[in-house]
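>>> my questions are about this predicted structure, shown below with the sequence.
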Amino acid sequence: MNAVVSGTIYARDFINEPLSYLTAIQFSEDMLALGKEAGFKVEVLHKKQIESLKMGGLLAVNQGALEPPTFNILTYKPENHTNSKPFVLVGKGIVYDTGGLSLKPTLNSMDMMKCDMGGAASVLGVLYAIAKAKLPVHVVGLIPATENRPGGNAYAPGDVIHMMDNTSVEVLNTDAEGRLVMADALCYAKKYNPELVIDFATLTGAAVRAIGKYGIVAMGNADSRVQNELRESGDFTYERLAMMPFWQEYSELLKSDIADMKNLGPAEAGQITAGKFLEHFTDYPWIHLDIAGPAF
């Protein structure tokens, strides 16, 4: 229990750190320190390595920022692990989100955007708790980190970018940036042939409009047993999940005339079309948790 409490406190502390401290580089340094303390490995990929991996989503979002991005690989693999294939957790690490050139229009909407790395904080807290508790499970955490700013070289609506798997994406709104960095991380997760991937992201305002701050919007392609077990766990811990329909028709709303897909669907069901965008980059059992409502 102490491990869970400590992991939760660390996650809350990171969410509350402002950009004046928690840049992507500083976040990576803190991950390294926590990994050393708890007993999990942290590998930090810097901009040159990210470029070599052709992570076009993470690089595009970072273009307007003063600080470079990082891609962080957290690994806990004890000798007595019982799973033959790892569980992979992916966390959105936008350390601050202005919306980019599609500057957030709503009054006071940037006040809490230091929490836009809530998904990354969640993954880091989970890895810390698992390692501290010495659980016999192989887990990998993937955290793409950057800020999203309207700098002079910022990516712009109308741009077409190419993701890690070479999918071309028409950018319609630079404030739909979380799905771009997450897509590259979900592509990277394929190398592990994972048992299950769960991603955590403060992804959409639509999730908040759908259910408020009282729970987590969830969806995915993992089988119903896994989804039911996760939902039951959420009920037990008061981290409740609202499972969304995930019909194929929602994917049709992301078709682009000039690219493989676009990064934004219509206003309706925005939380689901964002999930469908992410699903395109998976080929394994996967669940998406949109924590935009309760994160802060």
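Okay, I see it.
>>> so how far is Ala242 from Gly212?
Distance of Gly212 to Ala242, given as Cβ to Cβ, to the nearest Å: 10 Å. Where you see a C-beta, it was placed from the backbone N, CA and C, and this is true even at glycine.
>>> tell me which of the two has more neighbours.
Counted by other Cβ atoms under 10 Å, Gly212 and Ala242 do not tie: Ala242 has more neighbours, with 19 against 11.
>>> buried stuff in stretch 22-30?
Neighbour-count burial for stretch 22-30, counted by 16 or more other Cβ atoms under 10 Å, picks out 22-28, 30.
>>> now, these that are in helices?
Judged by DSSP state H, the buried residues of stretch 22-30 include 24-28, 30 as members of helices.
>>> ranges for the helices of the stretch 101-250 of the chain?
118-132, 178-189, 205-211, 224-237, 249-252 (DSSP state H, counting those that start in this stretch).
>>> tilt between the first one and helix 178-189?
Interaxial angle, helix 118-132 versus helix 178-189 (axes from the mean of the first three to the mean of the last three Cα atoms, to 10 degrees): 40 degrees.
>>> need the residues that contact helix 118-132.
The contact list for helix 118-132 (Cβ atoms under 8 Å, 6 or more residues apart in numbering) reads 2-4, 6-8, 10-12, 14-15, 27, 31, 34-35, 38-40, 74, 76, 89-93, 137, 139, 141-143, 145, 199-202, 289, 291, 295-296.
>>> how about the fourth one?
Outside helix 224-237, the residues that touch it by Cβ under 8 Å, 6+ apart are 196, 198, 215-216, 218, 220, 239-241, 243, 285, 287.
>>> again with the last one
Defining contact as Cβ under 8 Å, 6+ apart, one finds that helix 249-252 is touched by 265, 269, 272-273, 275-276, 279-280.
>>> put the alpha carbons of that helix into CSV.
Output of helix 249-252 as CSV, limited to C-alpha atoms (Å, rounded to 0.1, in the frame of the first residue of the first chain):
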residue,chain,number,x,y,z
GLU,A,249,-18.2,4.3,-38.6
TYR,A,250,-16.4,6.7,-36.4
SER,A,251,-13.2,6.0,-38.3
GLU,A,252,-14.9,7.3,-41.5
